[in-house]
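Engineer: build me a structure from this.
(one chain, ligands or ions: 1)
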Amino acid sequence: MDKQKPVNDWTTDFDIFDPEYNLDPGPIWRDMRERCPIAHSERWGGAWMATKYDDIQALVRKVPELSNRQPTVFPMEEGKDILADYFADLLPPLTKDPPEHSPLRRLLLPFFSMKAVEAHRPYTEQLCHELIDGFIENGACDAAADYAQQISPRVIGHLLGVDLGRREEFVGWVQGLVELGASNFELRSKSYRAVRDFLGEQIAKQRADPGDNYISRLLASEIDGEPVPDIVILNMCMLILVAGVDTTWSTIGSSLWHFASHPKDRQRLVAEPELLSSAVEEMLRLHAPASAGRVAMKDMDHDGHRIKRGERMILSFPAANRDPAVFECPDEADIGREKNRHVAFGVGIHRCAGSNLARLEMEVALGVWFARIPEFELSDPDAVTWSAGQVRGARTVPVTF
Ligand code: HEM
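Structural biologist: You can find the predicted model right below:
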C-alpha cells in the first residue's frame with residue numbers, strides 16, 4: 001500500500017490519508033469537481049470518489065447495486081472477499097442493504113426522535129459545564145482534547161447504559177476502530193476485540209438487571225415476532241460507537257477551531273446568540289466530518305464511468321457540501337445562511353439515524369462554551385492538528401481566553 005508518496009494529481013491519484021487532505025480540503029475538492037468529479041485512485045486497494053452534490057444524490061439511490069457492506073474506505077478486514085455477506089453483518093443497519101436494512105433501522109429510530117434525544121439535554125449540559133469548570137481558571141485549554149473529545153463518548157455511554165467508569169478507554173477504542181485503525185488492520189482488530197468484549201459484558205449485565213436504556217430495550221425487542229439475537233445487538237451497539245462518537249467530537253472540535261480562528265464569526269455569534277442553530281448547521285456543512293463508502297455488487301455505469309463489480313466508491317458528503325452549484329460562497333462560513341440543504345448526515349436510506357442527537361450535542365457544546373467563554377483565540381495556530389482519513393476533524397486546538 002503506497003501511502004506515503006505525495007499526491008501530484010488529486011483527480012487520478014487521490015489519497016484521503018495524505019496529511020494535507022483534511023488540513024485544507026476546499027481547494028482539493030474544487031479541483032476534483034472541476035476536472036473529474038468522479039475520480040479514481042489506485043491507492044488503498046483502489047476506489048472511486050464522488051465530489052459533486054448531484055452525483056452523490058444519484059449514487060446513494062443506487063441500492064442495492066452500490067452496497068453499504070464496505071462503509072470504510074480501507075477494507076474492513078484483510079484477506080476476505082469484500083463482497084462477502086459476512087461484512088453486511090458487522091455494523092447493522094449501516095452495513096445492511098434492502099430488504100434487511102429497514103427492520104433493523106426501525107429498531108433504533110425511536111431512540112433518536114426529537115423527543116427521545118431531549119432527555120439527554122440535562123446530562124449533556126451538566127457535563128459541558130463540568131468540563132469547562134475543569135480548565136476555565138487556567139485561561140487556556142485544548143478545545144478538542146479537553147472539551148470536544150470528552151463529550152460524545154460520555155453521552156453515548158449514557159445512552160447505551162454502559163459503565164461510564166471506563167469512558168477514557170472508549171476514546172482509545174473508537175480511535176483504534178475508526179481513525180487510527182482505518183489504515184492499520186492490527187490496531188483495528190485489537191480495538192474491535194476490546195469493544196466486543198466490553199459490550200458483551202454490558203449486554204450480559206443488562207440482561208441480568210435491565211434498565212431504561214438502549215441495550216435493555218433492544219434486548220426486549222423483536223423482529224417478526226422473534227427476539228433480536230445478542231450478536232446483532234452487540235453489533236448495533238458497536239455501530240453507535242463507530243457512528244456516534246468521533247463524528248460528533250470531530251464537528252464540535254472543528255467548530256471551536258473555526259470560531260477561534262475566525263473572530264468575525266465568533267463576535268457575530270456572541271452578539272446574536274439566536275443564530276446558534278443556524279451556526280450549528282453551517283459548521284455541519286462547512287466542516288462535515290464523514291464520507292461514506294460503498295462497493296459495487298455488479299458492473300454499473302454512472303455519468304460515463306464504468307464501475308466494475310467489487311470496486312469501491314467514496315461518497316464525499318463534505319465535498320458535496322461545498323459544491324458551488326448548490327451553495328453560494330461554499331468555502332466560506334455564513335452562520336446566518338438561510339438556504340442550507342447540506343448533506344453532512346448523508347442522504348437516502350442510510351441517512352444518519354442519530355442526527356437529532358448530534359445536533360443536540362453540538363448545540364449544547366457550543367451554547368455552553370459561548371455562554372462561559374465568549375472570547376477565545378488560537379494560542380498557537382501551528383500546533384493545530386487534524387485527523388487523517390474518512391472522518392475529518394480538528395484534533396488539537398490550543399486556545400487562550
Ligand atoms: C455530527 C455528527 C454526525 C455526523 C456528521 C453523522 C453522519 C452520518 C452519515 C454521513 C451517515 C450515512 C452513512 C452512509 O450513507 O453510509 C450516518 C449514518 C448513521 N449514523 Fe450518523 N453522524 C453523526 C452522529 C451520529 C450519532 C450521534 C449517532 C447515534 C448515536 C449516529 C448514528 C448513525 C447511524 C445508526 C447511522 C446508520 C443509519 C442507517 O444505515 O440506516 N450518527 N451518519
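
Engineer: residues in contact with the helix or strand where Leu284 lies?
Structural biologist: Element membership of Leu284 [criterion: DSSP states H and E] is helix 276-286. Residues from elsewhere that reach helix 276-286, judged by Cβ atoms under 8 Å, 6 or more residues apart in numbering: 251, 254-255, 258, 265, 269, 321-322, 327, 331, 333-338, 340, 342, 344-345, 359, 362-363, 366-367, 370. (Glycine included, C-beta is placed from N, CA and C.)

Engineer: swap in stretch 179-195?
Structural biologist: By Cβ under 8 Å, 6+ apart, stretch 179-195 touches 1, 3, 17, 44, 72-74, 76-78, 169, 172-177, 238, 241, 246, 387-391.

Engineer: and for the residue lying closest to Asn340 once chain neighbours are set aside, the neighbour number?
Structural biologist: What sits nearest to Asn340 in space, not counting adjacent residues and going by Cβ to Cβ, 6 or more residues apart in numbering, is Glu281, at 5.0 Å. For Glu281, the count of nearby residues is 18 (other Cβ atoms under 10 Å).

Engineer: could you do Glu201 as well?
Structural biologist: For Glu201, using other Cβ under 10 Å, the count is 13.

Engineer: related to what we said a few turns ago, ok, the residue nearest to Asn340 to the ligand distance?
Structural biologist: 11 Å (Cβ to the nearest ligand atom, to the nearest Å).

Engineer: which pLDDT does the model give that residue?
Structural biologist: Predicted confidence (pLDDT) for Glu281: 98.

Engineer: could you see whether the ligand lies near the helix or strand encompassing Trp257?
Structural biologist: Using DSSP H and E, Trp257 maps to helix 246-261. Yes: using Cβ under 6 Å from any ligand atom, helix 246-261 comes into contact with the ligand via 247-248, 251.

Engineer: neighbour-wise, which one of the residues you listed leads?
Structural biologist: Highest neighbour count within these, by other Cβ under 10 Å: Thr251, with 31 neighbours.

Engineer: apart from its chain neighbours, what residue comes closest to that one?
Structural biologist: Thr251 sits nearest to Pro289 (Cβ to Cβ, 6+ apart), 5.4 Å away.

Engineer: now do the contacts for the residue in the stretch 251-400 of the chain that the ligand sits nearest to.
Structural biologist: Closest contact between the stretch 251-400 of the chain and the ligand, by Cβ to the nearest ligand atom, is at Gly354 (2.1 Å). Taking Cβ under 8 Å, 6+ apart as the criterion, Gly354 is in contact with 112, 240, 243-244.

Engineer: which pLDDT does the model give it?
Structural biologist: Confidence for Gly354, expressed as pLDDT, is 98.

Engineer: now do Pro75
Structural biologist: pLDDT, Pro75: 69.

Engineer: same question for Asp2.
Structural biologist: 45.

Engineer: close to the ligand: what parts of the stretch 151-300 of the chain are there?
Structural biologist: Residues of the stretch 151-300 of the chain lying near the ligand (Cβ under 6 Å from any ligand atom): 156, 239-240, 243-244, 247-248, 251, 288-290, 292.

Engineer: at 8 Å instead, please
Structural biologist: Counting by Cβ under 8 Å from any ligand atom, the residues of the stretch 151-300 of the chain close to the ligand are 152, 155-156, 159, 239-240, 243-245, 247-248, 250-251, 284, 288-294.

Engineer: can you check the stretch 301-401 of the chain too?
Structural biologist: 315, 317, 343-355, 357-359, 361-362.

Engineer: now the most centrally placed residue in the chain: how far from Gly346?
Structural biologist: Nearest to the geometric centre of the chain sits Thr247, at 2.8 Å (Cα atoms, centre = their mean). Separation of Thr247 from Gly346 (Cβ to Cβ, to the nearest Å) stands at 11 Å.

Engineer: understood, closing this out.
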